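Asker: could you work out the structure for the sequence below:
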Amino acid sequence: MITSASLLESLCGDLGILDGFTLERIKNIWALVFKGAVSDNTRPVFFQSGRLTVDVSSELWLKELHFYRGMMISKLQNFKISEIKFRVRDIPEAATEEAPKSKPTVLKESDKEFIDETTAVINDPELRQRFANCIKKSILNGIK
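Answerer: Residues are numbered from 1 along each chain as shown. The predicted structure is shown next:
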């Protein structure tokens, strides 16, 4: 049986944007997999060919996470990560949720940039626009 997730993954692979799709999936589960202080002090920022780049908040965290690299790779085994690279960068504080989020009606600039970057490799203008519309709709409906 073909699932919509496997179909989307296959389509992303065919379009050459599977790494970007994988990174977004990793970002979406990061706080669930790495709870507490690890999640607060790290952000996955780049994924290519099995190599994940993670920003960390300080040199201390950089040194600490080197000891846990293997464990982190095993927790993310579904994404076929072969290597994690850590680098020190500013990590924005996570927004605290006081009220339930309402669905946005307009895309943020960062979402527009993500859509443009993701679909830039699609040569056919009509297909590129349709794929961009799908991504936009999924963002506005909170599906990632």
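Asker: wait, is residue 87 part of a strand?
Answerer: Yes: Residue 87 forms part of a strand when assessed by DSSP: H, G, I helix; E, B strand; the rest coil.
Asker: residues near it, how many?
Answerer: Residues lying near residue 87 (other C-beta atoms under 10 Å) number 11. All C-beta spots, glycine's among them, are computed from the backbone N, C-alpha and C.
Asker: next: residue 118.
Answerer: Look at residue 118: counted by other C-beta under 10 Å, it has 19 neighbours.
Asker: and what of residue 47?
Answerer: Each residue near residue 47 was counted by other C-beta under 10 Å, and the total is 22.
Asker: use 800 as the first number from now on
Answerer: Got it, the first residue is 800 from now on, which makes the last one we talked about residue 846.
Asker: which non-adjacent residue is nearest it?
Answerer: Spatial nearest neighbour of residue 846, chain neighbours left out: residue 822 (4.0 Å); criterion: C-beta to C-beta, 6 or more residues apart in numbering.
Asker: where's that neighbour relative to residue 835, distance?
Answerer: 22 Å (C-beta to C-beta, to the nearest Å).
Asker: got it, and residue 917?
Answerer: Separation of residue 917 from residue 835 (C-beta to C-beta): 31 Å.
Asker: quick revisit: list the buried residues in the helix or strand harbouring the residue nearest to residue 846.
Answerer: Assigned by DSSP states H and E, residue 822 falls within helix 817-832. Buried residues in helix 817-832, defined by neighbour count with 16 or more other C-beta atoms under 10 Å: 817, 818, 819, 820, 821, 822, 823, 824, 825, 829.
Asker: now for the residues you listed: which two are most distant?
Answerer: Longest distance between any two of the buried residues of helix 817-832 is 18.5 Å, between 817 and 829; criterion C-beta to C-beta.
Asker: bridged to the nearest residue to residue 864 once chain neighbours are set aside, which residues?
Answerer: Using C-beta to C-beta, 6+ apart and skipping the chain neighbours, the partner closest in space to residue 864 is residue 885 (5.4 Å). Beta-bridge partners for residue 885, by DSSP bridges, are residue 853.
Asker: burial count for residue 885?
Answerer: Neighbour count for residue 885, taken as other C-beta under 10 Å: 19.
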